[in-house]
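1. this is a predicted model, with the sequence first.
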Amino acid sequence: MKSPLSQIIALVKKDLLLEWRQRHALFGILLYVFSTVFVINLMVKEPEDTIWNAMFWVVQLFVCVNAVAKSFLQENKGRLLYFYSLVHPRYFIAAKLLYNMLLMIVFSAVSLLCCILFLGNPLIHPLYFLGVVLLGGISLSLLFTMLAAIAAQASQNAALMAIMGFPLVMPILMLLTGISQSAFAPVVQPGLPGMFALLAGMDVLVIALALILFPYLWKE
Amino acid sequence: MIKVPVIGNNQQAARSIFFHLPMWMSMYTLFTISVVNSVWYLATNDLRRDVRASSSASVGVLFGVMGFFTGMLWATYTWGGTIVNDPKQMTTAIALTIYMAYLVLRLSFTDLDKRARVSAIFNVFAFALLIPLTYIIPRMVESLHPGSASSPGFSSQDTAGTIKMVLWPAFIGWTLLGIWIYTLRARYKRLVLKNILHG
């Protein structure tokens, strides 16, 4: 039996390899980001700060739903059973969380780039915003990974993921828009460390719950 | 009619506290019962636990919605708007939506055991978010709601104890009423599933 860490890394490598072999999904989402932002550009040209921020996070949300949803939906039942016989479910979900985090970091960077290209650049602190975007991408991907695992149980119902996910994701999005608002203004926003702590707490909560609850989900 | 202390522009609308607060107490009690039963289900795989969890969650949502409506009614006369962008209102609305999503999730399964397992997991998630949403975040941000940092609560003004005299029995009464409705519902559902549960 290999060590847990090497098992997780092997699973992440497998997912990355699979992603590269099925490139249509990857490029499909890139095209999705591009066209969404382009549509916004056609509708509102160069929006002002708050609208820009809101639009950006809505794009992020939908990209995340689309990118993460397929991480479980693409696995068929036989293959899941095969994994079940190979690794502990906890390592499996850990690998999925890690892989979706990597995926979402890439997509976050791409959508930020698209937004700056098409919607203008109202950012005063671009590096700070980039940090928040990566953090936000990670938070969203963690939550949606767990939800995708639940939705996969419900007869692969992708619409169900939206029903479950949007109420759960609302507090995270509220926090993220609040935090990222600082990137648009030269003034320091009060209560910022508190919001960061809350976001980190939320992430830790989701990871802990996923690790504890996923073995139950897989029992069949 | 009992005397209520007058704080700011609350005036007589303050009387809604006798309905508003007990609703939340009842809702928290029912959601706690629900999550305990969900965890219990995951440990034992006993479908009766799932019946209890789902019935108490649905009755809890009922009380939560009633609490939200009494708050809205009060806000209409005190804040001058039914839904204002107050953090307490927003986070509570989100928490209630999460629980409604739980009820919708339950409807989307046909397999009883699968439904029980998946919704128990979602219920733990929902409860884990309910506490930060309704207890921690509203205490960190400014709110117009009585009892928060910038707005005085009633307990410090209620020197004669008249509010407490009504409020505490109301807490007990509404909570017990909620639990009673929940037991009725749970027993009804158990009757519906009689053949499966005892088979």
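-> That came in fine, so what should we check first?

2. ok, the closest residue to A:Y84 other than its chain neighbours - contacts?
-> Counting by CB to CB, 6 or more residues apart in numbering or on different chains, A:W218 is the residue found nearest to A:Y84 once chain neighbours are left out, at 6.3 Å. For glycine as for every other residue, the C-beta is placed from the backbone atoms N, C-alpha and C. Residues in contact with A:W218, defined by CB atoms under 8 Å, 6 or more residues apart in numbering or on different chains, are A:80, A:84, A:89, A:92.

3. is any part of stretch A:173-191 close to chain B?
-> Yes: for stretch A:173-191 and chain B, the contact criterion (CB under 8 Å from any CB of the partner chain) is met by A:174, A:191.

4. mean confidence for that stretch?
-> If you average the pLDDT over stretch A:173-191, you get 78.

5. what separates that stretch from the chain centre, distance-wise?
-> Here stretch A:173-191 is found 20 Å from its chain centre; the criterion is CA atoms, centre = their mean, to the nearest Å.

6. next one: stretch A:53-70
-> Distance of stretch A:53-70 from the chain centroid (CA atoms, centre = their mean) equals 7 Å.

7. quick one: low-confidence parts of the chain?
-> If you meant another chain, say so; for now it's chain A. Confidence mapping of chain A against pLDDT under 70 gives the ranges A:1, A:73-75, A:155-158, A:189-190, A:220.

8. actually chain B
-> Checking chain B against pLDDT under 70 turns up B:1-12, B:139-144, B:147-160, B:199.

9. for it, which segments count as strands?
-> Using DSSP state E, no strands are found in chain B.

10. in it, what residue lies closest to chain A?
-> Chain B approaches chain A most closely through B:T97 (3.9 Å), counting by CB to the nearest CB.

11. give me the neighbour count for residue 166.
-> In the absence of a named chain, chain A is used. 17 (other CB atoms under 10 Å in any protein chain shown).

12. oops, I was thinking of chain B
-> Neighbour tally, B:V166, other CB under 10 Å: 16.

13. excluding its backbone neighbours, what's nearest it?
-> In space, and not counting its chain neighbours, B:V166 is closest to B:F18: 5.5 Å by CB to CB, 6+ apart.

14. ok, A:L140 to B:K189 distance?
-> Distance from A:L140 to B:K189, counting by CB to CB, to the nearest Å: 36 Å.

15. looking at the two, which one has more neighbours?
-> Legend: neighbour count by other CB under 10 Å for A:L140 and B:K189, higher for A:L140 (28 against 18).

16. for that one, give me its contacts.
-> A:60-61, A:64, A:68, A:104, A:169, A:172.

17. what residue in chain A comes nearest to chain B?
-> Chain B sits closest to A:P167 of chain A, with a gap of 3.9 Å, by CB to the nearest CB.

18. from the contacts of A:W218, which land in helices?
-> A:80, A:84, A:89, A:92 (DSSP state H).

19. how about the residues of chain A by chain B?
-> Residues of chain A lying close to chain B (CB under 8 Å from any CB) are A:146, A:150, A:153-154, A:157, A:160, A:163-164, A:166-168, A:170-171, A:174, A:191, A:194, A:198, A:201-202, A:205, A:209, A:213, A:216-217, A:219.

20. just give me the residue right at the centre of chain B.
-> A centroid search over chain B (CA atoms, centre = their mean) returns B:M27, at 2.5 Å, as the residue closest to the centre.

21. quick check: that residue touching B:A57?
-> No: contact between B:M27 and B:A57 fails when scored by CB atoms under 8 Å: they sit 10.1 Å apart.

22. for residue 86, the count of nearby residues, please.
-> No chain was given, so I picked chain A. 12.

23. the chain in question should be chain B.
-> 20.

24. now do it against B:M72, distance only.
-> In terms of CB to CB, B:D86 sits 11 Å off from B:M72.

25. now swap in A:L199 and tell me
-> 29 Å.

26. give me the helices and strands touching the strand or helix carrying A:K14, please.
-> A:K14 is part of helix A:4-21 when elements are defined by DSSP states H and E. Applying 3 or more CB pairs under 8 Å, 6 or more residues apart in numbering or on different chains; DSSP states H and E, we find helix A:4-21 packed against helix A:23-44, helix A:89-119.

27. what about residue 14, how many residues close to it?
-> Here I'm looking at chain A. Look at A:K14: counted by other CB under 10 Å, it has 13 neighbours.

28. try again with chain B
-> 20.

29. tell me how far it lies from A:P215.
-> Distance, B:A14 to A:P215, using CB to CB: 50 Å.

30. just give me the neighbour total for B:I131.
-> Neighbours of B:I131 using other CB under 10 Å come to 14.

31. ok, now which ones touch B:A101?
-> By CB under 8 Å, 6+ apart, the contact set of B:A101 is A:163-164, A:166-168, B:122, B:126.

32. around chain A, pick out the residues from chain B.
-> Contact residues, chain B versus chain A (CB under 8 Å from any CB): B:42, B:90-91, B:94, B:97-98, B:100-101, B:104-105, B:108-109, B:114, B:117-118, B:120-122, B:124-126, B:128-129, B:132-133, B:136-137, B:140-141.

33. let's go with 7 Å and repeat that
-> Applying CB under 7 Å from any CB of the partner chain, one finds that chain B approaches chain A through B:42, B:94, B:97-98, B:101, B:104-105, B:108-109, B:114, B:117-118, B:121-122, B:124-125, B:128-129, B:133, B:137, B:140.

34. circling back to that earlier point, now neighbour count, secondary structure and distance to B:T32 too, for the contacts of A:L140, in JSON lines please.
-> Output for these, formatted as JSON lines (neighbours: other CB atoms under 10 Å in any protein chain shown; DSSP: H, G, I helix; E, B strand; the rest coil; distance: CB to CB, whole Å):
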{"residue": "A:Q60", "neighbour count": "23", "secondary structure": "helix", "distance to B:T32": "34"}
{"residue": "A:L61", "neighbour count": "20", "secondary structure": "helix", "distance to B:T32": "31"}
{"residue": "A:C64", "neighbour count": "27", "secondary structure": "helix", "distance to B:T32": "31"}
{"residue": "A:V68", "neighbour count": "28", "secondary structure": "helix", "distance to B:T32": "31"}
{"residue": "A:M104", "neighbour count": "25", "secondary structure": "helix", "distance to B:T32": "34"}
{"residue": "A:V169", "neighbour count": "21", "secondary structure": "helix", "distance to B:T32": "24"}
{"residue": "A:I172", "neighbour count": "22", "secondary structure": "helix", "distance to B:T32": "24"}
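
35. that concludes my questions; thank you for your assistance.
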